[in-house]
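Peer 1: Model the structure of this input:
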Amino acid sequence: MQPAQDSPAVHDARDRAAARVSAYLYGDVLVLAALIALAPADLTRAKGVTYVLGTAVSTFVAHVLADALGLSIRSGHVTRGVLLHEVRDALPIVSAAVGPALLMVPALTGTWSTSLALDLAVAVTVLRLAALGWVVGRVRGRRPSVRTFAAGLVLAALGWGAALLKYRLTH
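Peer 2: A predicted model of the protein is given here:
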């Protein structure tokens, strides 16, 4: 039996999905900003992989701490179960770095050119951003369509813009 649309179970599921989608976008934008800041030469050493993974892990930790603090203010306390939900909901931040980091390893070992590895890492991250249109559509119960595809392209463009802004302001 499906819960009614206004039931707390549906509301909580949507809230959890919204938190994960938010973390997914946030992680992708910051990883993309980290990738933009790298030069191909950075991929000949561990600097490139470390920079991208460090960005994702530090953002993940900050996100979980911020959410836990916000929850403690709203509810007066945070249980272990609630904290575990927050950790799970923030995992898309870390997942944003996995593909790019793996794509940089062949450059680190000399198997791929550094430019190819960096270009592929950026492309994977932009594709993740573009996929958000489909993800948001699915969370809302919609089938993939031209509209969800277009929304994904808009999100990718906005994410690219946010990453460029972060890069310009910090470098």
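
Peer 1: what sits up against stretch 116-130?
Peer 2: With Cβ atoms under 8 Å, 6 or more residues apart in numbering as the test, stretch 116-130 has contacts from 24-25, 28-29, 31-32, 35-36, 38, 40, 43, 48, 52, 96, 99-101, 103-104, 106-107, 152-153, 155-156, 159-160. Every residue, glycine included, has its C-beta placed from N, CA and C.

Peer 1: one more time with 7 Å, if that's ok
Peer 2: 28, 31-32, 35, 38, 40, 43, 96, 99-100, 103-104, 106-107, 152-153, 155-156, 159-160 (Cβ atoms under 7 Å, 6 or more residues apart in numbering).

Peer 1: Quick check: buried residues in that stretch?
Peer 2: Going by neighbour count (16 or more other Cβ atoms under 10 Å), the buried part of stretch 116-130 is A117, L118, L120, A121, V122, V124, T125, V126, R128, L129, A130.

Peer 1: per-residue confidence at the closest residue to L35 other than its chain neighbours?
Peer 2: Nearest non-adjacent residue to L35, counting by Cβ to Cβ, 6 or more residues apart in numbering: V122, 5.1 Å away. pLDDT recorded at V122 is 94.

Peer 1: Tell me which helix or strand V122 sits in.
Peer 2: Using DSSP states H and E, V122 sits in helix 114-139.

Peer 1: Past that helix, which element shows up next along the chain?
Peer 2: helix 146-170.

Peer 1: by contact count, what packs against that following helix?
Peer 2: Identification of packing neighbours for helix 146-170 by 3 or more Cβ pairs under 7 Å, 6 or more residues apart in numbering; DSSP states H and E yields helix 8-37, helix 114-139.

Peer 1: ok, of the ones you listed, where does mean pLDDT dip lowest?
Peer 2: With a mean of 87, helix 8-37 has the lowest mean pLDDT of the helices and strands packed on helix 146-170.

Peer 1: if you average pLDDT over the helix or strand that that one is followed by, what comes out?
Peer 2: Sequence-wise, the next helix or strand downstream of helix 8-37 (DSSP H and E) is helix 47-75. Computed over helix 47-75, the mean pLDDT rounds to 93.

Peer 1: Appreciated, that's everything.
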